[in-house]
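Novice: One predicted model, sequence on top.
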Amino acid sequence: MSEKNREGKRTAREKLAVEREKQKAAEKRRRTLIVGGAVVAVLGLAAVIGVVAANAGKDDGSEAAGPVVAPSGAQGKDGLAIPVGKDSAKSTLTVWEDFRCPACKSFETAYRPVIHELTNAGQLKTEYHLVTLIDGNMRGTGSRNAANAAACAQDAGKFPAYHDVLFDNQPQEVDDAYARNAKLIELAGKVDGLDTPAFRKCVEDGKHNGWVAKSHQAFNKGGFSGTPTVLFDGKNIYQDRTMTPAKLKQLVLEKNKG
């Protein structure tokens with residue numbers, strides 16, 4: 001073999017070796033990029049999981065609702081019930097209501113006279129729990145704002161009258177009129193002595209929004225099917241198709257005899 005041929009083969013081998021080294025280096029860089037990318041992906045996923053975990057268990061709107069400030073004289077577990085009537089009454093009617101709920105207005109229209117009669121006579125105590133079910137179903141804040149205003153009326157000792165005014169003037173379910181504080185303040189003018197600077201500030205500040213949110217949470221935890229939910233001494237009487245205002249009155253009278 002000539003010297004020229006030997007030199008050509010050696011050069012080819014050297015070129016092949018150099019090329020192999022280049023390939024090895026490229027493969028090493030590729031693996032490094034893959035591993036690095038995987039680490040970044042894992043860290044990115046961890047960050048996402050961290051955000052999800054940080055938000056898990058948070059109730060939507062709970063922070064926006066503000067602190068839980070119960071209205072004056074609120075009773076029951078966590079102070080979520082607004083009582084009407086004497087504590088000494090032998091019977092208790094528990095009512096879960098939403099001021100935007102048409103069925104609640106129907107209940108009020110039918111049962112209000114007998115409820116007022118019995119509470120005024122000291123024979124029945126009614127505990128009102130305020131709910132924001134329609135806000136969730138139809139969207140809006142009218143249920144919450146009206147409930148807050150009713151709690152403000154409780155602070156002023158005017159809850160029963162204002163409660164009735166809100167149902168008497170209830171807008172159509174799809175009309176979120178009670179989201180406007182000006183409307184709620186306007187209706188307060190129908191209750192003697194309620195439209196005061198203190199009441200207006202309470203309404204406009206949403207003082208009891210957090211309390212309303214907590215009341216609605218209690219409603220959800222109670223497993224109730226809808227509003228109104230009406231319990232007589234713990235028994236759901238609204239689901240009783242035979243129940244009437246006269247029958248409710250009879251139940252109360254019998255309880256008072258005993």
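Specialist: Done, it's in.
Novice: Residue 92 pairs with what?
Specialist: Residue 92 forms beta bridges with residue 125, as assigned by DSSP bridges.
Novice: Which residues are in contact with it?
Specialist: 124-127, 232-233 (C-beta atoms under 8 Å, 6 or more residues apart in numbering). Every C-beta, even on glycine, is put in place using the N, C-alpha and C of the backbone.
Novice: Tabulate the residues you listed in a markdown table, adding columns for pLDDT and distance to residue 78.
Specialist: Shown next, in a markdown table, are those (pLDDT from 0 to 100; distance: C-beta to C-beta, whole Å):
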| residue | pLDDT | distance to residue 78 |
| --- | --- | --- |
| 124 | 98 | 23 |
| 125 | 98 | 18 |
| 126 | 98 | 18 |
| 127 | 98 | 13 |
| 232 | 96 | 22 |
| 233 | 94 | 21 |
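Novice: quick one: which of those has the most company?
Specialist: residue 124 (28 neighbours; other C-beta atoms under 10 Å).
Novice: Not counting its neighbours along the chain, what's nearest that residue?
Specialist: Nearest non-adjacent residue to residue 124, counting by C-beta to C-beta, 6 or more residues apart in numbering: residue 118, 3.7 Å away.
Novice: Pretty sure the one you found sits against residue 125.
Specialist: No: counting by C-beta atoms under 8 Å, residue 118 sits too far from residue 125 to count as a contact (9.2 Å).
Novice: distance of the residue nearest to residue 124 from residue 127?
Specialist: Look at residue 118 and residue 127: by C-beta to C-beta, to the nearest Å, they are 14 Å apart.
Novice: Likewise for residue 172?
Specialist: 28 Å.
Novice: try residue 106
Specialist: For residue 106, the distance to residue 127 - C-beta to C-beta - is 20 Å.
Novice: Check residue 75 too.
Specialist: As judged by C-beta to C-beta, residue 75 and residue 127 stand 7 Å apart.
Novice: who touches both of the two?
Specialist: Shared contacts of residue 75 and residue 127 (C-beta under 8 Å, 6+ apart): 81-83.
Novice: Neighbour-wise, which one of those leads?
Specialist: Neighbour max across the shared contacts of residue 75 and residue 127 (other C-beta under 10 Å) = residue 82, 27 neighbours.
Novice: Please consider this matter closed, and thank you.
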